[in-house]
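Asker: give me a 3D structure for the following:
(one chain, ligands or ions: 1)
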Amino acid sequence: MSETPQPLSFADFKLNKQLLMAVEEAGFEQPTPVQEQTIPLLLAGHDVLGIAQTGTGKTAAFGLPLLMKVKYAQGIHPRALVLAPTRELAMQLEAHLKKLATYTDLRIFAIYGGLGPKTQIETIAKGVDILIATPGRLMELYLKGDLVLKELKTLVLDEADKMMDMGFMPQIRRILEVIPRKRQNVLFSATMPEKVTTLSEEFLEFPVRVEVTPAATSAQNVSQSLYEVPNLVTKINLLEYLFLDWDTFHRVMIFTRTKEHAENVASFLQRKAHGEVRAIHGNKGQNVRINAMEAFKAGDVRFLVATDVAARGIDVPQVSHVINFDVPLVYDDYVHRIGRTGRAQHTGAAITFANEAEMHHMHRIEELIRQQIPVLPIPPEVEIAKTSFDEQQSMDREKDERRKREDPTFQGAFHERKEWIKPGVTIDKRTGREFVAGPNRSQKGKKVNPSKGKSSSPAAKAAKAAKGRAEHRRKR
Ligand code: AMP
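Answerer: As a prediction, this is how the structure comes out:
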């Protein structure tokens, strides 16, 4: 990770004694590259645009200069605001900054949705120096008059790419309208899509850009590999096989595309694999998610199954593996997912399972991260299950839809294929099985003339009646 010939120490930044003690206590021996570059710039009062993913030490990179600046508890209203896309990240930021502020009297507090605002309002009323917030909850309390933002001198936007993905741009614009113009700004993002560039232009003043890895490259100390797995059941079989090796796979995060997959994988592991399992996704209550994260961090849980949004901002040091049970459709999420392993100064491994439809997305991800991920053969011990008709259909449909998006003139191969498996055999679309005509299915093989259907529309009926009346008049 380090590219500097002579490693700096935290003391070289001239941080105050309280912060240096906390850094030492946290076990940070030397600054990470993003810290080396960002800390002096922020201490000198610059705006910073940081391109760094979770795991690089970016929180302390903006946190230490922020704590230096805000210095000690003063007044009631917050003087610094850190915006985060999710409550999990907000909580993580709060814990991290509080740890670094151990030897100061600073009041650091996070507000987020999913919980009633009452306790949060009470805490704010007692006085806060550094406020961490999700955009929605911030605006809610501001508009109710429970939050005064006129003392803000610093604004940090963390994981800006995720904020844009989650549609927070309008809220951020409103927030920028109501806070003081004269302030220092920091924006961190793992990737730099168009929207984040636009946001950074609106929000930062003459920023200095800090980039620890080229945009959208994945963590350098993560080894990545890929299995081409034909279907869901085989994915499960492969999981089961890999997890027999407890020593290697001791603390694993498994990502799925949907809540349903998260539930299914978690209940399978509960039944078949050794070790505790927890699942976090949008349908889980806030407390369940917090408990699951804490238990996983404490090492009491071997497997944490998560969807992308639920997993945002989770800081779990030393995750042995990230398994992408499904390939993410938002490609940047791949970078975020694998950032959960190989965190600062640890190595980790990310393993992706991709079916034939998902392989297309993997190639796009490889383009994005500018790396080719080695494909491993499925071990012979893993049973390769037959792909169910429904699953094959949904993969074919996905491929078709994608081709149609890429080429609007493409007619789609899916419809022709789904009718037939071999000449002369019709597949019943509802059951997926061979079509067999029942005793009252005498229509089989008979050509149906749609105009002779029994139930024609009222308009057609009226037209037919009018035609009949005209015919009758003509005959008379
Ligand atoms: P972040 O990228 O801020 O989410 O940090 C990722 C992890 O790296 C956290 O667990 C931090 O405690 C840890 N970390 C941050 N800075 C350092 C450092 N200089 N040395 C060792 N670990 C660090």
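Asker: how about the helices in the stretch 1-150 of the chain?
Answerer: Counting by DSSP state H, counting those that start in this stretch, the stretch 1-150 of the chain has helices at residues 17-25, 33-43, 58-70, 87-100, 118-126, 135-143.
Asker: in the longest one, which residues are buried?
Answerer: By neighbour count, with 16 or more other C-beta atoms under 10 Å as the criterion, the buried positions of helix 87-100 are 87-94, 96-100. (C-beta placed from N, C-alpha, C; glycine too.)
Asker: how about the CA coordinates for it, as CSV?
Answerer: Provided in CSV are the C-alpha atoms of helix 87-100 (Å, rounded to 0.1, in the frame of the first residue of the first chain):
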residue,chain,number,x,y,z
ARG,A,87,-27.3,4.6,9.5
GLU,A,88,-24.7,1.8,9.7
LEU,A,89,-22.0,4.1,8.3
ALA,A,90,-23.2,6.9,10.6
MET,A,91,-22.9,4.6,13.6
GLN,A,92,-19.5,3.4,12.5
LEU,A,93,-18.2,6.9,12.0
GLU,A,94,-19.5,7.9,15.5
ALA,A,95,-17.7,5.0,17.1
HIS,A,96,-14.5,5.7,15.2
LEU,A,97,-14.4,9.4,15.9
LYS,A,98,-15.3,8.9,19.5
LYS,A,99,-12.4,6.5,19.9
LEU,A,100,-10.0,9.1,18.4
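Asker: what's the angle between that helix and helix 58-70?
Answerer: Orientation check (axes from the mean of the first three to the mean of the last three C-alpha atoms, to 10 degrees): helix 87-100 against helix 58-70 gives 60 degrees.
Asker: try the first one
Answerer: Using the same axes, to 10 degrees, one finds that helix 17-25 and helix 58-70 are set 160 degrees apart in direction.
Asker: so which elements touch helix 17-25?
Answerer: Applying 3 or more C-beta pairs under 8 Å, 6 or more residues apart in numbering; DSSP states H and E, one finds that helix 17-25 makes contact with helix 58-70, helix 87-100.
Asker: is that helix up against the ligand anywhere?
Answerer: No - judged by C-beta under 6 Å from any ligand atom, helix 17-25 and the ligand are separated, with a smallest distance of 7.6 Å.
Asker: show the contacting residues for the spatially most central residue of the chain.
Answerer: Among the residues of the chain, the one closest to the centroid is residue 308, at 3.3 Å (C-alpha atoms, centre = their mean). For residue 308, the contacting residues are 255, 257, 328, 330, 333, 336, 337, by C-beta atoms under 8 Å, 6 or more residues apart in numbering.
Asker: quick one: which of the residues you listed is nearest residue 30?
Answerer: Set against residue 30, the nearest of these by C-beta to C-beta is residue 336 (25.6 Å).
Asker: neighbours of that closest one, how many?
Answerer: Around residue 336 there are 25 other residues, counting by other C-beta atoms under 10 Å.
Asker: going forward, begin numbering at 35 instead of 1
Answerer: Will do, 35 is the new start, and the previous item becomes residue 370.
Asker: where does it land on pLDDT?
Answerer: At residue 370, the pLDDT value in this model is 79.
Asker: then the one 4 residues further on?
Answerer: In this prediction, residue 374 carries a pLDDT score of 75.
Asker: cool, residue 200 as well?
Answerer: pLDDT for residue 200: 87.
Asker: ok, now residue 498?
Answerer: With respect to pLDDT, residue 498 scores 53.
Asker: likewise the one 10 residues further on?
Answerer: Residue-level confidence at residue 508 comes out at 51, pLDDT.
Asker: can you show me the strands along this protein?
Answerer: Using DSSP state E, the strands of the chain run over 82-85, 114-117, 142-145, 164-167, 188-191, 218-223, 242-245, 256-262, 286-290, 311-314, 337-341, 355-358, 382-388, 409-410.
Asker: who wins for proximity to residue 110 among the helices of the stretch 35-184 of the chain?
Answerer: Residue 110 sits nearest to helix 152-160 of all these, at 7.6 Å, using C-beta to C-beta.
Asker: tell me the buried residues in the closest one?
Answerer: Under 16+ other C-beta under 10 Å, the buried positions of helix 152-160 are 154, 158.
Asker: can you tell me what sits against it?
Answerer: 110, 141, 143, 145, 165, 171, 175, 180, 181.
Asker: and the furthest pair within the residues you listed?
Answerer: Farthest apart among the contacts of helix 152-160 - using C-beta to C-beta - are 110 and 171, which lie 18.8 Å from each other.
Asker: between these two, which is the more surrounded one?
Answerer: Set residue 110 next to residue 171 and count neighbours by other C-beta under 10 Å: residue 171 wins out with 20 against 13.
Asker: hmm, back to that, return the member of the buried residues of helix 121-134 nearest to the ligand.
Answerer: The ligand has its nearest neighbour among these in residue 130, at 6.4 Å by C-beta to the nearest ligand atom.
Asker: hmm, residue 229 is touching residue 203, no?
Answerer: Yes - between residue 229 and residue 203 there is a contact at 7.1 Å, judged by C-beta atoms under 8 Å.
Asker: so what's the closest residue in space to residue 139 that isn't next to it in sequence up against?
Answerer: In space, and not counting its chain neighbours, residue 139 is closest to residue 107: 4.7 Å by C-beta to C-beta, 6 or more residues apart in numbering. Going by C-beta under 8 Å, 6+ apart, residue 107 touches 139, 140, 141, 161, 163.
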